[in-house]
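Novice: My questions are about this predicted structure, shown below with the sequence.
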Amino acid sequence: MAAAALTILVIDENRIRASIIEAGLRDAGHERVTIVHDVTGIARRIAEIEPDVIVIDLENPNRDMLENMFQLSRAVKRPIAMFVDRSDQASIEAAVEAGVSAYIVDGLRQERVKPILEMAISRFNAFSRMARELDEARTELENRKVLDRAKGILMKSRGLSEEAAYALLRKTAMNQNRKIAEIAQSLVTAAGLLEPGDD
Amino acid sequence: MTTPFQITAGFLPLLDSALLVVARERGFAAGEGVELSLVRESSWANIRDRLAVGHFDVAHMLGPMPIACNLGLTPLAARTIVPMALGLGGNAVTVSTGLWQAMQEHGARGDLDPLLSGTALRAVVEERGRMGREALRFAVVHPHSGHNYELRYWLAACGMMPDRDIEIVILPPPLMADALGSGRIDGYCVGEPWNTAAVAKKAGRIATVKAAIWKSSPEKVLGVAAPWAEAHPEALAALQRALYRAAQWCGVASNHGELAELLSSKAYVDRPAEWMRPALDGLIRHDDGDTVAVADFFVPHAKAATFPWKSHALWYYTQMVRWGQVEASAANEAIARETYRSDLYRAALKPLGVALPGANAKVEGALKTATPVGSAGASLVLGPDGFFDGAIFDPDKVGEYIATQTERAN
């Protein structure tokens, strides 16, 4: 099998996502995987690595430069085409949707490459989901902190219990048809403005 | 209330996304019943891919890109048509401060003159050759771009051979000024505000401008997925009318302040408003202190600036042949000509009763001064449209033009 092993290059500025892809490729039995985060000097790296498959994230602003390089056989020795198969519209759509594109050297059999692209697509999607969840968790934590501060302000300035302070915030939010986090943020901002300051 | 046409457009953060931005933000799209969503992208490859898979219906595109797609020169090719251009001009050539100093020693002046700057650059290239130093490196945004072709045209017309005398690489516009500052490249050709960016950062000087290399020359276009255009002719025509009105608005000098602010906002170019002013006002800051007036630096509306001339498409095709991107053939020439759809432009704008060119193509470089021309409806003034070396491109003599250029290169 060693002779048939594919050399895969992953170009991704996002280190976490790149290592998720790498892990997936290694789990699938691909040993010859190289990760590049920075495209500086990429032409030389490609010449050294001689990849069969190149996976790039679509956010990379250097895609135009990379594609141009792939088309110049001088830089990569073998011309590199895009995607698994031009006629495979579903794969192309899934890849663009996930934010990944793959380039393969000419002449490589499609069925050998398709599992790699499919793996990359699913890992990219998993990463996006993870990033979204992390983002939501962060917002949630942030909201909770602001809510605690807002409650504290009400408890101190109006002599309310914590429960009553929360109830007041909730009632105000409902009356104004806004989120409780927004009301809490407004209160914290207003309190900040009313505090005796330097000006 | 009729249901509005929903149209999604991709764009890159460049000054010449102005027509799309204004069509949306100033209500011209809504006025034509178009709900226009604008999605900012980070590369032309993404624009092309997302147009191909239907994420975008239309897009801000480099003029030669749809032709390259239809000629099968791109990794992912969708049939794309150009029913409208998004203005004329707007690019410049910026060189590093070090290279500019060397060019000054050979007669370059701060007047953006392409012949003076080019001749000085050639002297520097020859000097470096004699000293055995490596070739200078210039960047452009894309192999199928007006930038690539006008830079090469300028170099060749000044006696240099691109690729041999000057290496040409691809870089995304927002990274160019920093690449210049750090010495990774010696110069570049890009749209605004990315030349002004280098001047503002004291990383470079503007050596010449597109509007001087080729006056009234084409740049960005509205690229449209052909299947979408065929399925939604009314939506496309409504968008074209909205973009025409946006172009009119952009062409009014008293709107430039507001336009600069609009473009500078986070959702669009996301750079300071004062970086937008030089191109809009035609007052180019070639270095820290000096400003040069270039009246036609960027033309959003006047001179039929949004008309998709077939002669522009054919000129791009001649350059694709010239630089070895495509074989010369009658079939390829026809593909280029048919990509630009002057017929759709006329049909969409006819209800506005505005001045429309009567011809689909014109001899490029023939108008030495601004000239009133025959047009349907109101009066129309075109030109000047000359190339700086005095050459003429007759779209009826494509083969001869290509032959002349190949001869010159050898």
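Specialist: Sure thing, it's come through.

Novice: Low-confidence stretches in the chain?
Specialist: All of this is about chain A. A:1-4, A:72-87, A:197-199 (pLDDT under 70).

Novice: I was thinking of chain B, sorry if that wasn't clear
Specialist: In chain B, residues with pLDDT under 70: B:1-2, B:374-378, B:407-410.

Novice: can you pull out the strands in chain A?
Specialist: A:8-11, A:33-36, A:53-57, A:80-82, A:100-105 (DSSP state E).

Novice: Which residues of the stretch 101-250 of chain B lie near chain A?
Specialist: Residues of the stretch 101-250 of chain B lying close to chain A (Cβ under 8 Å from any Cβ of the partner chain) are B:141, B:142, B:143, B:169, B:170, B:171, B:172, B:174, B:175, B:184. (Glycine included, C-beta is placed from N, CA and C.)

Novice: how does it look with 7 Å?
Specialist: B:141, B:142, B:143, B:170, B:171, B:172, B:174, B:175 (Cβ under 7 Å from any Cβ of the partner chain).

Novice: hmm, back to that, can you put the strands of chain A in JSON lines and add mean neighbour count and distance to chain B?
Specialist: Formatted as JSON lines, those follow (neighbours: other Cβ atoms under 10 Å in any protein chain shown; distance: least, Cβ to the nearest Cβ, whole Å):
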{"stretch": "strand A:8-11", "mean neighbour count": "24", "distance to chain B": "13"}
{"stretch": "strand A:33-36", "mean neighbour count": "18", "distance to chain B": "17"}
{"stretch": "strand A:53-57", "mean neighbour count": "25", "distance to chain B": "9"}
{"stretch": "strand A:80-82", "mean neighbour count": "22", "distance to chain B": "3"}
{"stretch": "strand A:100-105", "mean neighbour count": "24", "distance to chain B": "7"}
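
Novice: For residue B:226, which of those is the nearest?
Specialist: strand A:80-82 (20.0 Å; Cβ to Cβ).

Novice: ok, now how distant is residue B:269 from chain A?
Specialist: 14 Å (Cβ to the nearest Cβ, to the nearest Å).

Novice: Residue B:201 now?
Specialist: In terms of Cβ to the nearest Cβ, residue B:201 sits 18 Å off from chain A.

Novice: Not counting its neighbours along the chain, what's nearest that residue?
Specialist: residue B:177 (5.5 Å; Cβ to Cβ, 6 or more residues apart in numbering or on different chains).

Novice: The one you found: which element?
Specialist: Using DSSP states H and E, residue B:177 sits within helix B:173-181.

Novice: Tabulate the CA atom coordinates of that helix in PDB.
Specialist: Provided in PDB are the C-alpha atoms of helix B:173-181 (Å, rounded to 0.1, in the frame of the first residue of the first chain):
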ATOM      1  CA  PRO B 173      -5.500  43.700  -2.700                       C
ATOM      2  CA  PRO B 174      -5.700  44.200   1.100                       C
ATOM      3  CA  LEU B 175      -2.300  42.500   1.500                       C
ATOM      4  CA  MET B 176      -0.400  44.500  -1.200                       C
ATOM      5  CA  ALA B 177       0.600  47.600   0.700                       C
ATOM      6  CA  ASP B 178       2.100  45.500   3.500                       C
ATOM      7  CA  ALA B 179       3.900  43.200   1.100                       C
ATOM      8  CA  LEU B 180       5.400  46.400  -0.600                       C
ATOM      9  CA  GLY B 181       6.400  47.800   2.800                       C
END
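
Novice: Would you mark the buried spots in that helix?
Specialist: B:173, B:174, B:175, B:176, B:177, B:179, B:180, B:181 (16 or more other Cβ atoms under 10 Å in any protein chain shown).

Novice: Just list what that helix packs against, helices and strands only.
Specialist: Applying 3 or more Cβ pairs under 7 Å, 6 or more residues apart in numbering or on different chains; DSSP states H and E, one finds that helix B:173-181 contacts strand B:187-191, helix B:194-200.

Novice: partners of the shortest one in the sheet?
Specialist: Within its sheet, strand B:187-191 is paired with strand B:91-96 (antiparallel), strand B:136-140 (parallel), according to DSSP bridges.

Novice: Which strands and helices lie in contact with whichever helix in chain A runs longest?
Specialist: Counting residues, the longest helix found in chain A (DSSP state H) is helix A:110-158. Packing partners of helix A:110-158 (3+ Cβ pairs under 7 Å, 6+ apart): helix A:15-27, strand A:53-57, helix A:89-98, strand A:100-105, helix A:162-176, helix A:180-194.

Novice: Could you tell me the angle between the shortest one and strand A:100-105?
Specialist: Between strand A:53-57 and strand A:100-105, the angle formed by their directions is 160 degrees, by axes from the mean of the first three to the mean of the last three Cα atoms, to 10 degrees.

Novice: Could the C-alpha coordinates of strand A:53-57 be exported in CSV?
Specialist: This file holds the C-alpha atoms of strand A:53-57, laid out as CSV (Å, rounded to 0.1, in the frame of the first residue of the first chain):
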residue,chain,number,x,y,z
VAL,A,53,-4.3,16.6,-3.0
ILE,A,54,-4.4,20.1,-1.6
VAL,A,55,-7.2,21.2,0.7
ILE,A,56,-7.7,24.9,1.3
ASP,A,57,-10.2,26.8,3.4
